[in-house]
Structure formats: C-alpha cells, structure tokens
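**Q** From the sequence below, what's the structure:
(one chain, ligands or ions: 1)
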Amino acid sequence: MIKKFLNLGRQPIANSFLTSNSKKSLAKEFFYNLSVSFNNKNYLVSVTNPVDPKIQYTDKYAHRASESLTMRKAFKDIAKKIKKKFKPKIIMEIGSNDGVFIKNFPKKDVIAVEPCKNLAMLTKKNFKTYPEFWTKKLAKKIFKSSKKADIIFSANTISHIPNLKESFQAITFSLSDNGVLIIEDPSLFSVIKNISYDQFYDEHVYIFSALAISNVVKDSNLKLFDVEKIRTHGGSLRYYICKKNAKYKISKRLIQIIRSEKKIKLNKYSTFQKFSKRVKKSKKNLIDLLKKLKIKNKKIISYGATYKSTTIFNYCRIGRQYLDYVTDTTQNKQGKFTPGQHLPIISPEKGMTDTVDYVFLGAWNFKDEIINKEKQFIKRGGRFITHVPSVRIINK
Ligand code: JHZ
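**A** Next up, the predicted model:
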C-alpha cells in the first residue's frame, strides 16, 4: 500500500527558470502539489503524483553536470574504476547530460541517451547520441541488431523516470549476459539523517534505498549484487545490478548497507512520519533565522540556483523579503528568475560583493568546494547559512 507522509505544498517545476518576471510570464507558470509517499510492500519512497516528463525534460533544460569540479572529478574516477574492473567494450549512459561521464571513454565504445535536445546536441558531434527518453522501444531500436551493452551507467537519472518497471525491463533487454548496470542516486538514508527534504522535487520521482532497489529490480529479472556509499549530492548510493543468472555474487557491503537501512527503519512508515515532523521544524528554524538577520538589516543572498532550492524557497516561502538574489555559475541560468519565488539569478562575480553579509547554501552538497572558492568572503566576515543537517550559520 502507498501512504503519503510529507506535503511540500504548491510547487513549480524545479528547472523552470523564468526569462522574465513580467505579469504575463508569471501568469503562465505551472504549479502542482508536491507530496511524498512510502510503499510498504517494496519500500519505495516516491513523489505521489509525478509530473509529465515532457514538461520537465525540454530543449531548455538548465542543469549542466560539468559545472562543479567535484562532479567532474567524481565522473572521471568512476570511469577509471569501470575501465579497470569491467574492461567494457560497449558502454551506454542513460541521461548523459553534457557528456561529463562519457568523455572519459573512447568515442567508438559509447552510446548516449539524453532526452533534453539542447544537451544531446552537446555530445552528438563526438558520441552516438539518442535524443530520446529511455523506453523499451528505444532499447529495441538501439540493440535489436547490435551487440548488447557490457556496462550501462546512469547517474541521477533512473530516479527521475516515473515508469521504473519499463525502465528496468528496457535495461534487461539491453545488457549482455554478464553486463552490469551501475546507477547512482541520492540515498534515502542520507535524506532522512540530514533532513535534506529539498531532495524531493518534481524530477526526483524516487529517492532510493538499497532495500527498495533490491526489491524492484527483481520484477525485471535483475539482481542487485553490490552497493557503494558515495559522497556526491549530499550522500548517494552507487548500485551494481546484473541479470538474475549472471556471475556476480552478493557482496558483504550490500548486506551491511541493507542492515544499516533496516536499523534506521527505512522499511517502516513510522520513520517517515517522524521525518515529516522534523521537516516542519527545519522550515520554522530557517525562517526564524532569516527573520532574525533581516531585523538586523543584514544582506542575505543564496549560492547555487539549484533545483533543491526550488523546494525550499517555495515550501518555506522564501522570496525577496529575505534574499536579494541567487548566484550561479551556469550561464543559461544567469539573467533568469527562480521558479515560483522569482529571485533574480546572477553570476557569482557580480553577486559576491562586499555588501553581502550572509549566503544561504542552495548548493549545500558542494559546501567544501564553495567555501574553498569563497575564502575572501569569509575572511572579510561574511558567513554561510545552511539547513543541512540542521539550520545554522557556519562559523569557519
Ligand atoms: P546541484 C540537479 O539538481 C538536477 P540541483 C537533477 N535532477 C539532479 O538530480 C541533480 O542535479 C544531480 C551551481 N554552482 O548539482 C551549479 C555554483 O554556482 O546541486 C548548479 O547550477 N557555484 C539532474 O540543481 C548548482 O550550483 C559552485 O561553486 O539541486 C548546483 O546544482 C558550484 C559547485 C555550483 O543540483
């Protein structure tokens, strides 16, 4: 049975950055109600009513995975590991974004799938790229007459596809007999521990646990045989999945991780009810802190026009009354306005001026990278604010 546990209210599409804040464009903005549910049969946590992917993954898709040094390095490292461990001849990536992962492989070995046409354009010249959604139909088109994939890699994408069953079935069709599917997504364990409720937005249809993945892949004749904790996006899991009868044995670390998930009761609805109360408390603490700083006339801005911030700003109703603007390095976000709260987005060069007192870390998952970059700001007395794992001013 599927039971709701969290209501994050009226939300816009997390990636729908507005080109204008005129009355006319604001009137056209799309909103939906964001709530999150738990399935007590397979332990999947999901957005209750997913939005139509055709509205989300357009030719104006904003996120560029290459924007952060942390992610460029993470993709380089996993590519190196894959080459060493599996020596694949055919590698397919589902959700190849701007090519940050595939560029680490020889062109002739790679197949890329990316439904956002503006992103697919970026890799099309050098890699075989399919500008389409990942479906059974596409899998058949790619692999009907060609050799199957030795590795299918997908970071922060499988959790975005509402039809999980079709997605895994298409993968089963596309994998060679001993081929391996490697997926990375934010972990439910970290979300619960860190009260990082901003990981819930329209694109994150699912926040996976090893418990849930081990259950759902079975329906598609697949087997989760290994899992690895990784630091990206505030704490993610990297799942290793193969065909039911492939040669891989269940790893010790998978057993340990499942044990730790059961220990914090990721298989019980009551855990999520408690989480929901902590989310409300986190919201209150954040608003209280911002109010306190505004009473003292402090200038506050936000760093990173993240999709996660869309959830926070709209759930907590944080707009121009608290934040002057948001900075982001991504060129195609600059000059636009954040979804729902319509905060202007500008470059860090323009935004990190001497008049800024506090900076809310919208991209808290890159805290170390950002703090390292903004040493000058801290040196002159500026301070960062975060809500993860608890609302606070970072005193460094
Ligand atoms: P970041 C997106 O979510 C959407 P977001 C998507 N659904 C997903 O799952 C994750 O990515 C993986 C900027 N930045 O990665 C760049 C700076 O300005 O946390 C990005 O716009 N300065 C696919 O948006 C944003 O912050 C910096 O120094 O929540 C970070 O976005 C750094 C490091 C980043 O993902």
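**Q** quick one, helices of the stretch 151-300 of the chain?
**A** In the stretch 151-300 of the chain, the helices defined using DSSP state H, counting those that start in this stretch lie at 164-174, 188-194, 210-216, 252-263, 269-295.
**Q** what about stretch 304-324, how long is it end to end?
**A** One end of stretch 304-324 to the other measures 14 Å (Cα to Cα, to the nearest Å).
**Q** got the buried residues for that stretch?
**A** 304-316, 318, 322-323 (16 or more other Cβ atoms under 10 Å). Quick note: C-beta positions are derived from backbone N, CA and C, even for glycine.
**Q** follow-up on the earlier one: any chance of the helices of the stretch 151-300 of the chain in a markdown table with mean pLDDT, distance to the ligand and mean neighbour count as columns?
**A** Below are the helices of the stretch 151-300 of the chain laid out as a markdown table (pLDDT from 0 to 100; distance: least, Cβ to the nearest ligand atom, whole Å; neighbours: other Cβ atoms under 10 Å):
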| stretch | mean pLDDT | distance to the ligand | mean neighbour count |
| --- | --- | --- | --- |
| helix 164-174 | 98 | 15 | 20 |
| helix 188-194 | 98 | 13 | 21 |
| helix 210-216 | 98 | 16 | 22 |
| helix 252-263 | 98 | 21 | 15 |
| helix 269-295 | 98 | 17 | 15 |
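**Q** Figure out which of the ones you listed is closest to S20.
**A** helix 269-295 (26.4 Å; Cβ to Cβ).
**Q** where do the strands sit along the stretch 51-200 of the chain?
**A** 91-94, 110-113, 128-130, 149-155, 175-186 (DSSP state E, counting those that start in this stretch).
**Q** Could you identify the helix or strand that succeeds the helix-or-strand element of the chain with minimal mean pLDDT?
**A** Scoring the helices and strands of the chain by mean pLDDT, DSSP states H and E places helix 23-27 at the bottom, with a mean of 88. Counting by DSSP states H and E, the next helix or strand C-terminal to helix 23-27 is strand 31-39.
**Q** if you look at that following strand, does any of it touch the ligand?
**A** No - Strand 31-39 lies out of reach of the ligand by Cβ under 6 Å from any ligand atom, never closer than 14.0 Å.
**Q** so how far is the next helix or strand after that strand off the chain centroid?
**A** Of the helices and strands lying after strand 31-39 in sequence (DSSP H and E), the nearest is strand 45-47. Centroid separation for strand 45-47 versus its chain: 14 Å, with Cα atoms, centre = their mean, to the nearest Å.
**Q** and the ligand, which of the buried residues of stretch 304-324 reach it?
**A** G304, A305, T306, Y307, K308.
**Q** close enough to count as contact, the third one and A363?
**A** Yes - with the criterion set as Cβ atoms under 8 Å, T306 and A363 qualify as a contacting pair; they are 5.2 Å apart.
**Q** For the stretch 251-396 of the chain, which residues score under the pLDDT cut-off?
**A** By pLDDT under 70, the weakly predicted segments of the stretch 251-396 of the chain are 396.
**Q** quick one: which of the ones next to the ligand among the buried residues of stretch 304-324 is nearest I370?
**A** Set against I370, the nearest of those by Cβ to Cβ is G304 (7.6 Å).
**Q** circling back to that earlier point, winner for burial among the strands of the stretch 51-200 of the chain?
**A** strand 91-94 (a mean of 28; mean count of other Cβ atoms under 10 Å).
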